[in-house]
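Undergrad: Predicted model and sequence below, questions to follow.
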Amino acid sequence: MLLKLCGITRAEDMAAAEQAGADYTGMILVPGTPRFVPRAKIPSLMTACRCKKVFVVRDMPLDELNALIAEFRPDAVQLHGCESEDYARAVGGAQVWKAFNLNSDAVLAEAETFPCAMVVADSGGGTGRPCRWDLAARLASVRPVFLGGGITPDNVRAAAEQVRPAGIDVSSGVESAPGVKDRNLIQILAERIHS
């Protein structure tokens with residue numbers, strides 16, 4: 001099972017993610033959020049580990065996003081806003097992932113057909129609350145899904161067994177403070193995913 005550690009703001013946390021065997025690390029490029037990474041800090045984080053990098057954005061102007069991709073070459077961009085299917089198709093140079101607040105059959109239906117390489121089943125982004133695992137399991141049966149929203153070392157095994165996602169996406173569940181990852185929690189989580 002793949003592991004993405006999101007909301008990383010420090011080079012030492014990038015290194016801890018790599019040491020724990022994470023496949024992806026996520027940087028949140030949404031101003032005003034607790035784990036926001038300013039543009040000037042992106043280069044040092046991009047080179048801090050060999051994990052694949054994901055830029056998390058919300059309703060960023062398309063030309064601005066494509067310019068960021070061209071400059072920094074992330075492996076994927078994760079759309080967390082009201083981006084349309086046309087917007088997703090027009091993103092160039094990186095895989096497109098789309099996060100959905102998976103809380104109803106209507107949202108599930110949209111997530112099943114949205115044009116992206118990966119769906120992130122979430123509960124709103126940064127809330128620390130689980131999404132509806134029953135809906136996430138239905139989605140994971142038809143397309144690749146990263147399960148996010150309130151995943152911690154304590155519930156990750158149950159989440160993986162119930163949903164059977166392609167990967168797990170964790171941010172606040174391995175933190176000592178917003179944007180400050182706990183190396184021990186990262187290691188425990190990774191061991192429980194990979195054991």
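TA: Cool, the structure landed.

Undergrad: what about residue 67, how many residues close to it?
TA: Using other Cβ atoms under 10 Å, residue 67 has 11 other residues around it. For glycine as for every other residue, the C-beta is placed from the backbone atoms N, C-alpha and C.

Undergrad: Helix or strand: which one has it?
TA: Secondary structure assignment for residue 67, by DSSP states H and E: helix 62-72.

Undergrad: Can you give the distance of that helix from its chain's centre?
TA: Here helix 62-72 shows a centroid-to-chain-centroid distance of 18 Å under the convention Cα atoms, centre = their mean, to the nearest Å.

Undergrad: now the protein, which segments are flagged as low pLDDT?
TA: 125-127 (pLDDT under 70).

Undergrad: Give the other helices and strands that the helix holding residue 67 contacts.
TA: Taking 3 or more Cβ pairs under 8 Å, 6 or more residues apart in numbering; DSSP states H and E as the contact definition, the neighbouring helices and strands of helix 62-72 are helix 42-46, strand 52-57, helix 85-90.

Undergrad: Show residues contacting it.
TA: Contacts of helix 62-72 with the rest of the structure, by Cβ atoms under 8 Å, 6 or more residues apart in numbering, involve 29, 42-43, 46, 53, 55, 57, 60, 74, 77, 87, 90-94.

Undergrad: Just the buried ones among those residues, please.
TA: Buried members of the contacts of helix 62-72, counted by 16 or more other Cβ atoms under 10 Å: 29, 42, 46, 53, 55, 57, 60, 74, 77, 87, 91, 94.
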